[in-house]
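**Student:** The following block contains a protein sequence and its predicted model.
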Amino acid sequence: GANLSDMVRGGIPVPDGFIICSCAYREAVEAGGASGAILDILARTDVTDAEQLNEASARIKGLIKALEIPAALRSEVVVAYNRLAGAESNLPLVAVRSSSTAEDLGAASCAGQQETFLNVRGEEALLEKVRDCWASLYNPQAIFYRRRHGFDESRVGIAVVVQRMVEPVKSGVLFTVHPVLKDRTAMMIEAVWGLGEGIVSGLITPDNYVISKRDGSLISQYVSVKTKMVVK
């Protein structure tokens with residue numbers, strides 16, 4: 001969420017949207033009396049035991065999905081969502097994206113361990129998916145990863161990014177440092193037809209391009225056989 005805000009300020013064309021900050025998640029959990037129960041469940045869970053881990057995840061996610069979103073927050077989200085419609089007569093389709101406070105850190109990254117929901121339309125559907133994003137902070141793999149990396153669960157939070165859906169012909173992910181070789185002189189682009197969900201979900205093997213940062217020349221390319229695409 002913070003990175004997207006930086007991109008907007010930098011003039012990069014980013015689909016319009018808004019961010020429900022992590023403090024809103026904490027407020028909802030505190031107001032619903034769930035924070036103590038969450039920490040208690042985690043403290044009693046052996047994350048190396050798959051049955052215990054899955055049971056703890058299901059219990060915590062159930063608590064969060066049952067939360068009543070505070071009235072003031074609910075109102076702000078609805079107003080921000082309706083503002084996205086602008087002059088349109090219909091409410092817009094949006095992507096509801098998780099943004100954990102533990103993502104993209106120097107020593108660890110929880111990116112991809114929480115949920116994103118596409119093609120969401122309507123106020124009630126949006127609020128439901130906001131809760132689902134919050135709950136995904138406690139997916140089994142996310143709990144396991146944080147425990148192994150020594151995260152303080154009392155300080156972990158999650159924001160939610162709400163953005164207008166786009167309908168791209170093709171999408172990609174750009175790594176400004178080669179992610180495998182750690183080569184800072186090379187960039188890597190992975191691309192598919194349709195929405196980028198095809199890449200980040202692992203559904204489609206993307207095309208792969210490695211590009212020199214010195215002069216923009218193409219170092220290597222791999223074009224995969226793509227028989228599927230994700231669409232709006």
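**Tutor:** Received the coordinates, thanks. Only a predicted model underlies this, so the values are computations on that prediction, with no experimental measurement involved.
**Student:** quick one: low-confidence ranges for this protein?
**Tutor:** Applying pLDDT under 70 to the chain flags residues 102-113.
**Student:** which residues of it fall in helices?
**Tutor:** Per DSSP state H, the chain carries helices over the ranges 2-9, 22-31, 35-43, 50-65, 71-85, 123-135, 140-148, 197-200.
**Student:** Just the CA trace of the last one, in PDB.
**Tutor:** Below are the C-alpha coordinates for helix 197-200, written out as PDB (Å, rounded to 0.1, in the frame of the first residue of the first chain):
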ATOM      1  CA  GLU A 197      -3.200 -12.700 -11.200                       C
ATOM      2  CA  GLY A 198      -2.100 -15.400 -13.700                       C
ATOM      3  CA  ILE A 199       1.500 -14.700 -12.600                       C
ATOM      4  CA  VAL A 200       1.200 -14.100  -8.900                       C
END
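**Student:** for it, the distance to its chain's centre please.
**Tutor:** In terms of C-alpha atoms, centre = their mean, to the nearest Å, the centre of helix 197-200 is found 12 Å from the chain centre.
**Student:** And for the first one?
**Tutor:** Once both centres are worked out by C-alpha atoms, centre = their mean, helix 2-9 turns out to sit 15 Å from its chain's centre.
**Student:** on that earlier part again, please identify which of the helices of the chain is closest to Q221.
**Tutor:** The closest of the helices of the chain to Q221 is helix 197-200. By C-beta to C-beta, the value is 16.0 Å. All C-beta atoms are positioned from the backbone trio N, CA, C, and that covers glycine.
**Student:** who touches that closest one?
**Tutor:** The contact list for helix 197-200 (C-beta atoms under 8 Å, 6 or more residues apart in numbering) reads 112, 116, 118, 171-173, 190-192, 203-204, 206, 228-230.
**Student:** try stretch 83-94
**Tutor:** Residues contacting stretch 83-94 (C-beta under 8 Å, 6+ apart): 16-18, 81-82, 119-123, 126, 162-165, 232.
**Student:** Export it to CSV, keeping only CA atoms.
**Tutor:** This file holds the C-alpha atoms of stretch 83-94, laid out as CSV (Å, rounded to 0.1, in the frame of the first residue of the first chain):
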residue,chain,number,x,y,z
ARG,A,83,-16.3,8.1,-4.8
LEU,A,84,-14.5,5.7,-7.1
ALA,A,85,-17.6,5.5,-9.2
GLY,A,86,-17.4,9.2,-10.1
ALA,A,87,-20.0,10.0,-12.8
GLU,A,88,-20.7,6.3,-13.5
SER,A,89,-24.2,5.1,-12.8
ASN,A,90,-23.0,1.7,-11.6
LEU,A,91,-20.7,0.9,-8.7
PRO,A,92,-17.3,-0.1,-9.9
LEU,A,93,-15.6,-3.5,-9.9
VAL,A,94,-12.6,-3.4,-7.6
